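> Quick one, what's the 3D model for this:
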Amino acid sequence: MWITPEEVLLANALWVSERANPFFILQRRKGHGKGGGITGLLVGTLDVVLDSSARVAPYRILHQTGDSQIYWSIACGSSRKEITEHWEWLEANLLQTLSIFDNEDDITTFVKGKIQGIIAEENKSRQAQEEEEPGKFREAELKMRKLFGMPEEEKLVNYYSCSYWKGRVPRQGWLYLSVNHLCFYSFLLGKEVTVVVQWTDVTQLEKNATLLFPESVCVSTRDTQHFFSMFLNINDTFKLMEQLANLAMRQLLDNEGFAADHFLPKPCKTLKNVSALKRDFDARAKNERYRARFRLTHEERLDGHTDCTLWAPFAKMHVIGQMFVSNNYICFASREEDLCQLIIPLREVSIVEKADCSSVLPSPLSISTKNKMNFLFANLKDRDFLVQRISDFLQRTPDRYCVHFGSYFPSTPTVPSAPPSFPGMDSPQSQHYSPSLPTAKQGLLQIYLKDSPEDLGLKTKEKMKEESWKIHFFEFGRGVCMYRTSKTRELVLNGIPESLRGELWLLFSGAQNEIDTHPGYYAELVEQAMGRCTLATEEIERDLHRSMPEHHAFQNEMGIAALRRVLTAYAYRNPNIGYCQAMNIVTSVLLLYCTEEQAFWLLVALCERMLPDYYNTRVVGALVDQGVFEELTKECLPLLYEHMQELGVISTISLSWFLTLFLSVMPFHSAVLLVDCFFYEGIKVIFQVSLAVLHANMELLLASNDEGEAMTILGRYLDNVVNKQTVSPPIPHLHALLTSGDEPPPEIDVFDLIKASYEKFGSLRADVIEQMRFKLRLKVIQSLEDTAKRSVVRAIMTDSAFSIEELEELYVLFKAKHIMSCYWGSSSTAAERHDPSLPYLEQYRIDMGQFCQLFSALGPWNCGVHTQTLASRLFRLLDLNKDGLINFKEFVTGLSGMYHGDMTEKLKLLYKLHLPPGKSQVPLFVSTKDHVHVCPQCFAVKVKDYKYYLRMWAKEKEPKKETIKDLPRMNQEQFIELCKTLYNMFSEDPLEQELYHAIATVASLLLRIGEVGKRFTNNGINKKPEPKGSPPRLEREDLSEDGSSRQSQVCKALAEAQLETLPPPGAGGSDEEGKDDTSVSSYSVVSTGSLQCEDITDDLVLIGCDKVVSDRRRVSASEGDWSITFEQVLASLLTEPVLVDYFEKRGDIRGKMASCKTQRAVERQVSSASDHELAQHPAC
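Below you'll find the model as predicted:
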């Protein structure tokens, strides 16, 4: 590339001149290319270790005038081809012009100006990128792509200098962390080390320090471990690795690829050597921590934070902490944990005002809300800028009230904005949900407890709790802007009164914010969702009457209908989750204390923020937390952990505890207190209580001898956890009372259990839990992927002749192609390719371009360049639903026939590949006897209906017996294509000459058979009666002349099959326009003299004659045209032993899979539906 001219004093130091003229010199860096000796090895090593910019550009062009000793570097290149293009341009455009100048200074000035002009012209199109990416980082990205063969779509995030431990020897080099790959390169004294690991293959990331590897990072895959050390900042590197691996796991889980955030705030100053992607990932990490800390939605982006103090009126003191500002909220968190936390939605702000400064209160800022609360911040470093940012966000905040900016901004009214609109808001009049419904106004508990008897003593305790909360509201505020302190937590741990439970659940979970910002959303969602028939709705209907059937609120249609509406609305809102069995239990409890709309938004908060990935199809989040619980048990209760692992109990019990928040294993009035704590503290409470349960039963569990006994001990304990302060009538617990002996088990007060959990295990921190979650998420998701692989292999192993090991390897390669399409572009979106609701067998699908690459690498029929066309035909044949994608079963079906079929099956497949739909595309709307093909858009709609899959499954289970007599006839054009394919298949075989001679003989025979069949058909069907006395030999002569002429044309086409070349990429994409080609063979001429019809025997004539009448319905061309049947092709090929041996031999796919796996370079994914756009080289 052209570079800004820079002065070079020592032109020949570490460089070798390769070309020169009076004004320019082309040089190559020592250590690159052939030769160089020890000097070249040292230079190459220094370039890698020191990351010299010359390492990126091993070639350069210098400008020099005759008498000057100063050189100017004007161009550099990473390859000889690139630098040669620049050199030729200089010779063609500048040499003649420069020869006119008399003054050497003028020559140098002219050259520098010309080069700078070229650079300025090139930078016009990429000026935005120049501003985003620093120059040195762009050089490193170019270097990464060159070293590892990455396409432009692969974006580098950051790179680090480090050592890679190969055995016991460290190799100093550079680690490149891109969005989808971890790459390492080292070149030391002539020895090159290259490592490429896909993030989706990583099973474990660890940062450790041992005697052998001092403070290193271990990257583990299923096959090996890689150790990297000697980082300048290992913590920063490891955090970025965690983010990239987490992104890859998310991609495996729900097929979400990486999308850059274009709404990030721009940095105040350009950071040296930090890419835009690195800033993106840093911002994402901060956003995630911010949203988790204050329970905000996924759309919230942190704009910035600053140190400050907040006046706490309840403590009469200034609290030191940090202010956080985002697009919809102002938040505060004290430096001391639990001292004070505050969330101020901008929609509640009425006045933002800069107060007067003083020595006691420097840079104060006052914020007032609509409910008359006032918050005073001070010690703000850049108050003016902060007020400006808040004002900008307030101007974009939908509100019906104007916002005033005292003493700095004029009070200007804002136009009331309409409520946010959502897809499908203009639905017809409500039919399923109405605000007049009882469940739309209050919780089910209030409806069904109006006439229930009350215990005066318990009622008094409940009143005392309500009074305590009222005092708290008076002192700390009420609503979303309430001060949250350690006093708040104490009240929560003592139990939330039932009258306030719904309100406080909404407040602590953040669901109240979504209710306020999404008016009418739930009602519209219910109207859209109800009445649809999906797999989720069927599962919901099945579980409705299993949801707390012991509670009278769900023993009638009112409670059941409300539960149905909430679950169905959420399944429609989030189809990736849909419905999971435990959701009905949790939602039924929410409906007891909240209205339908409130319960819906609480369910959203649970599934999407507080319990991430818990309720998807594979309950990944619950499995991850189960692993975290095992790790915590190992750390806190080591003796019990070892015994429980032997019994296998922990993995059995913990899943139901976490999925239902103890609601399914503990009496309702006790478990609901844990839900109170959960909404305030988060998941750490569930871990604490789980550990406390194990600790309370440690002696009994250590004495247990089997899993059943341990389960009985824990079941008895949880069944007898009681809440003696509840005012509601007792609800019978459906779990059978597990007792041993006649003595009733002792009761455990739930408040004592909660208190014990905080005393013994209250040191658990949310950030530590998140770190453990990440570590185990890699392990869990990769374990689930292995389980999916085994399930797929078991499902198709009976239908395939491949071994289990071969099927597993094929599945890995197939899935890798699918995943690559998600981040390197394809002809269809990831959502179209991956549907988690489908069976494992159909979740991963590839398009034609990816299939052709796999076919080229794994297929046994190597036809040279013609391989791509053959692969595209096979793809169209396997794509039964015509959606442009095939699943793994279809892929294996095609390969299995080629590798393990007998001669008849292989020939039948080849025969079908040269008939529609293999030969060419068929219309998308084609009516057949069995089913109707629809367009991809219509097909996508039908995919969502589970009944469609049941019908397809039943149809697949029907026995399908296709005989060779069912195959349609082949016309002459298709037969010529078949012969050309066979010629290309034999080009690299050791028996090439014998195979060419045999196929020429068979082609000659089949051509004559077709001619006889055509004449016989014309005589028997379309021929008019001949007048009497006509010469009988005319027919024979006509046959001979016409047949000889046609055979001559066919033989000429066959002979030319080996001399053809593919059309240029811009040509049409059909098979006719992209005729197949092959390398020139020694057997390239077929003797036309051998094609004499007189050689046809009576027996051979009968082969075609016996089928004429019966096959007349299946003739693809018009009646009377030249055509042959598959039986004739098979019978003719059987006459040549060399062809029989060729098609009977078994292929070895293991060698092809091994070479595909060991391929180091990653090649660009090419996706296209037309043959001429496919890549010419296989890529795996």
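> is it true that residue 225 touches residue 216?
No: contact criterion C-beta atoms under 8 Å: residue 225 and residue 216 do not qualify, at 10.6 Å. All C-beta spots, glycine's among them, are computed from the backbone N, C-alpha and C.
> Please say which of these two ends up with more neighbours.
For residue 225 and residue 216, the more surrounded residue by other C-beta atoms under 10 Å is residue 216, and the numbers stand at 24 against 12.
> Quickly list what that one is bridged to.
residue 208 (DSSP bridges).
> Relative to residue 243, how far out is it?
In this view, residue 216 and residue 243 are 19 Å apart by C-beta to C-beta, to the nearest Å.
> quick one: buried residues of stretch 890-901?
For stretch 890-901, a neighbour-count test (16 or more other C-beta atoms under 10 Å) marks 890, 891, 892, 893, 894, 895, 896, 897, 898, 899, 901 as buried.
> Next one, pLDDT for the fifth one please.
The model reports residue 894 with a pLDDT of 86.
> Kindly report the same for the last one.
On the pLDDT scale, residue 901 is placed at 82.
> Quick check: residue 114 touching residue 94?
Yes: using C-beta under 8 Å, residue 114 is in contact with residue 94, at 6.9 Å.
> Just give me the longest helix of this protein.
Within the chain, and with DSSP state H defining each element, the longest helix by residue count is helix 766-796.
> before we move on, the earlier item: and which of the buried residues of stretch 890-901 is nearest to residue 712?
residue 892 (46.5 Å; C-beta to C-beta).
> so which helix or strand takes in that closest one?
Secondary-structure assignment from DSSP states H and E places residue 892 in helix 888-900.
> How about residues contacting that helix?
Residues outside helix 888-900 that contact it (C-beta atoms under 8 Å, 6 or more residues apart in numbering) are 792, 795-796, 799-802, 807, 810-811, 814-815, 841-842, 844, 846, 851, 854, 858-861, 874, 877-880, 905-906, 909, 1146-1147, 1149.
> could you point out which element follows that helix?
Going down the chain from helix 888-900, the next helix or strand is helix 903-913, by DSSP H and E.
> Show me how far that next one is from its chain's centre.
37 Å (C-alpha atoms, centre = their mean, to the nearest Å).
> Mind giving me the packing neighbours of it?
Of the remaining helices and strands, those touching helix 903-913 by 3 or more C-beta pairs under 8 Å, 6 or more residues apart in numbering; DSSP states H and E are helix 866-878, helix 888-900, helix 972-985, helix 1126-1133, helix 1137-1144.
> That helix versus helix 972-985: what angle between them?
120 degrees (axes from the mean of the first three to the mean of the last three C-alpha atoms, to 10 degrees).
> got the CA coordinates for helix 903-913 in PDB?
Extracted C-alpha coordinates of helix 903-913, given in PDB (Å, rounded to 0.1, in the frame of the first residue of the first chain):
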ATOM      1  CA  MET A 903     -23.000 -50.500  -7.700                       C
ATOM      2  CA  THR A 904     -26.700 -50.200  -8.400                       C
ATOM      3  CA  GLU A 905     -27.200 -47.600  -5.700                       C
ATOM      4  CA  LYS A 906     -24.200 -45.500  -6.800                       C
ATOM      5  CA  LEU A 907     -25.300 -45.600 -10.400                       C
ATOM      6  CA  LYS A 908     -28.800 -44.800  -9.400                       C
ATOM      7  CA  LEU A 909     -27.500 -41.700  -7.600                       C
ATOM      8  CA  LEU A 910     -25.400 -40.600 -10.500                       C
ATOM      9  CA  TYR A 911     -28.400 -41.200 -12.800                       C
ATOM     10  CA  LYS A 912     -30.700 -39.100 -10.600                       C
ATOM     11  CA  LEU A 913     -28.100 -36.300 -10.400                       C
END
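> Quick check: buried residues in that helix?
For helix 903-913, by 16+ other C-beta under 10 Å, it's 903, 906, 907, 908, 909, 910, 911, 912, 913.
> Kindly state the pLDDT recorded for the closest residue to the fifth one other than its chain neighbours?
Spelled out, that is residue 909. Spatial nearest neighbour of residue 909, excluding adjacent residues (C-beta to C-beta, 6 or more residues apart in numbering): residue 897 at 4.9 Å. For residue 897, the pLDDT comes out at 84.
> do you know how far residue 897 is from residue 906?
In terms of C-beta to C-beta, residue 897 sits 7 Å off from residue 906.
> Over to residue 576?
Counting by C-beta to C-beta, the gap from residue 576 to residue 906 is 42 Å.
> now swap in residue 72 and tell me
66 Å.
> cool, and residue 302?
Residue 302 sits 62 Å away from residue 906, taking C-beta to C-beta as the criterion.
> Tell me where the stretch 1-150 of the chain has helices.
Secondary structure of the stretch 1-150 of the chain, counting by DSSP state H, counting those that start in this stretch: helices at 37-50, 53-56, 80-93, 95-98, 104-123, 127-132, 135-148.
> Least reliable of the ones you listed by average pLDDT, please.
Looking at the helices of the stretch 1-150 of the chain, the bottom one is helix 53-56 with a mean of 44.
> Straight-line length of stretch 861-872, end to end?
Separation of the first and last residues of stretch 861-872 by C-alpha to C-alpha, to the nearest Å is 13 Å.
> what comes up buried for it?
861, 863, 864, 865, 866, 867, 868, 869, 870, 871, 872.
> Then stretch 647-662?
So for stretch 647-662, counting by 16+ other C-beta under 10 Å, buried means 647, 649, 650, 653, 654, 655, 657, 658, 659, 660, 661, 662.
> element containing residue 351?
Applying DSSP H and E, one finds residue 351 within strand 349-354.
> hey, C-alpha coordinates of that strand in PDB?
In PDB, the C-alpha atoms belonging to strand 349-354 read as follows (Å, rounded to 0.1, in the frame of the first residue of the first chain):
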ATOM      1  CA  VAL A 349     -37.400  13.700  36.900                       C
ATOM      2  CA  SER A 350     -39.000  17.100  37.000                       C
ATOM      3  CA  ILE A 351     -36.100  19.500  37.700                       C
ATOM      4  CA  VAL A 352     -32.300  19.300  37.300                       C
ATOM      5  CA  GLU A 353     -30.700  22.200  39.000                       C
ATOM      6  CA  LYS A 354     -27.100  23.300  39.800                       C
END
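> Just checking: what are the partner strands of the following helix or strand past that strand?
Next along the chain after strand 349-354, taking DSSP H and E as the criterion, comes strand 365-369. Sheet pairing here is set by DSSP bridges, and for strand 365-369 it gives strand 349-354 (antiparallel), strand 374-378 (antiparallel).
> what distance separates the shortest one from the centre of its chain?
In this case it means strand 374-378. Distance, centroid of strand 374-378 to centroid of chain: 44 Å (C-alpha atoms, centre = their mean).
> Residues touching that strand, excluding its own?
In contact with strand 374-378 (C-beta under 8 Å, 6+ apart) are residues 308-311, 318, 323, 332, 342, 344, 355, 361-369, 481.
> Can you tell me which of those are buried?
Buried among the contacts of strand 374-378 (16+ other C-beta under 10 Å): 308-311, 318, 323, 332, 342, 344, 355, 361, 363-369, 481.
> what are the ranges of the strands in the stretch 801-950 of the chain?
845-846, 886-887 (DSSP state E, counting those that start in this stretch).
> Comparing the ones you listed, which comes out most buried?
Stretch with highest mean neighbour count among those: strand 845-846 (a mean of 28; mean count of other C-beta atoms under 10 Å).
> Need the strands of the stretch 801-950 of the chain in CSV (columns: distance to residue 104 and mean pLDDT).
As requested, the strands of the stretch 801-950 of the chain are exported to CSV (distance: least, C-beta to C-beta, whole Å; pLDDT from 0 to 100):
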stretch, distance to residue 104, mean pLDDT
strand 845-846, 62, 84
strand 886-887, 67, 86
